[in-house]
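Trainee: Fold the stuff below for me.
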Amino acid sequence: SNGNGEMDAGEEPIQNAALTVNGNRAPAKTNADGLAWLEHLPIRQHLDIAVDTQTLEDPYWIPLRKGVSLVPRPGRVAELDFPIILTSEIDGTVYLVDRTTRRGIGDVVIELLDTSRKLVTTVKTSSDGYYIVPAVPMGRFYLRVSPEQVKQFGLLDPGVREIKIQPDGKFINGVDFSLSKRSAGPVPDPSRQESP
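Mentor: Numbers count the residues shown, from 1 in each chain. Next up is the predicted model:
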């Protein structure tokens, strides 16, 4: 629950989660202690072992790491840990603004960046300007309208929003952006243009 990847005091094991071996679901599931026993694995070859996310009871849970590569050895038991974290989502609306009107606008690309300003994911607004960025893990992020779109349509940069996702997975609501044209005249509508 604190995102450190360790089973600390007070943290709950996850029951009935399945694992995959080389992409195929293994028959064993975790018990009340969060333990699963995988047996009869092929030896001396690389196996990719991961959590089957479809078996996690909460859709906002994701593994902290995608999986583990293992080469089983005869007569040896390997112990693998798979920390699960709670994710959040971010939502908001992008508005098109001119002198007399303010309305939600579709097909605007929203970018989520990590602390190094590297792109994590993108989403597009729906026809009413609403967007949701799903499955965001805990940590600090930046949210912005695509700079390419801002430049393409001659818009004022609406700025970057800093977002902090807490371990409790609380949703971040109402991260809005207002777009307006740099110069006087009608404001272009991204949803009526060919996507960049």
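Trainee: can you give me the helices for this protein?
Mentor: 147-152 (DSSP state H).
Trainee: Can you pull the phi/psi pair for the residue lying farthest from the centre of it?
Mentor: Here the chain reaches farthest from its C-alpha mean at Gly75, the gap being 39.1 Å by Cα atoms, centre = their mean. The phi/psi pair for Gly75 (degrees, to the nearest 10) reads phi 70, psi 10.
Trainee: Output the contacting helices and strands for the longest strand along the chain.
Mentor: Secondary structure assigned by DSSP state E gives strand 88-97 as the longest strand of the chain. For strand 88-97, the packing partners by 3 or more Cβ pairs under 8 Å, 6 or more residues apart in numbering; DSSP states H and E come out as strand 102-104, strand 130-136, strand 177-179. All C-beta spots, glycine's among them, are computed from the backbone N, C-alpha and C.
Trainee: of these, which approaches Thr55 most closely?
Mentor: strand 130-136 (16.5 Å; Cβ to Cβ).
Trainee: mind saving the C-alpha coords of the closest one as PDB?
Mentor: Output of strand 130-136 as PDB, limited to C-alpha atoms (Å, rounded to 0.1, in the frame of the first residue of the first chain):
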ATOM      1  CA  TYR A 130     -14.100  15.200 -21.300                       C
ATOM      2  CA  TYR A 131     -11.100  12.900 -20.900                       C
ATOM      3  CA  ILE A 132     -10.000  10.200 -18.500                       C
ATOM      4  CA  VAL A 133      -6.400   9.000 -18.000                       C
ATOM      5  CA  PRO A 134      -6.800   5.500 -16.500                       C
ATOM      6  CA  ALA A 135      -4.500   3.300 -14.400                       C
ATOM      7  CA  VAL A 136      -2.100   5.900 -13.200                       C
END
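Trainee: Need the contact partners of that strand.
Mentor: 60, 62, 87-94, 104, 108, 110, 112, 121, 123-125, 143, 163, 165 (Cβ atoms under 8 Å, 6 or more residues apart in numbering).
Trainee: Can you check what angle separates that strand from strand 88-97?
Mentor: Orientation note: strand 130-136 sits at an angle of 160 degrees relative to strand 88-97 (axes from the mean of the first three to the mean of the last three Cα atoms, to 10 degrees).
Trainee: Direction included, what does strand 130-136 pair against?
Mentor: strand 88-97 (antiparallel) (DSSP bridges).
Trainee: Okay, now the unreliable bits of the chain?
Mentor: Within the chain, the segments meeting pLDDT under 70 span 183-196.
Trainee: now do 90
Mentor: Flagging of the chain using pLDDT under 90 yields the residue ranges 1-8, 10-11, 40, 42-44, 64-66, 74-76, 98-100, 166-169, 181-196.
Trainee: The residue lying closest to Asp157 once chain neighbours are set aside: neighbouring residues, count only.
Mentor: Nearest residue to Asp157, sequence neighbours excluded (Cβ to Cβ, 6 or more residues apart in numbering): Val150, at 5.4 Å. Other residues within reach of Val150, judged by other Cβ atoms under 10 Å, total 18.
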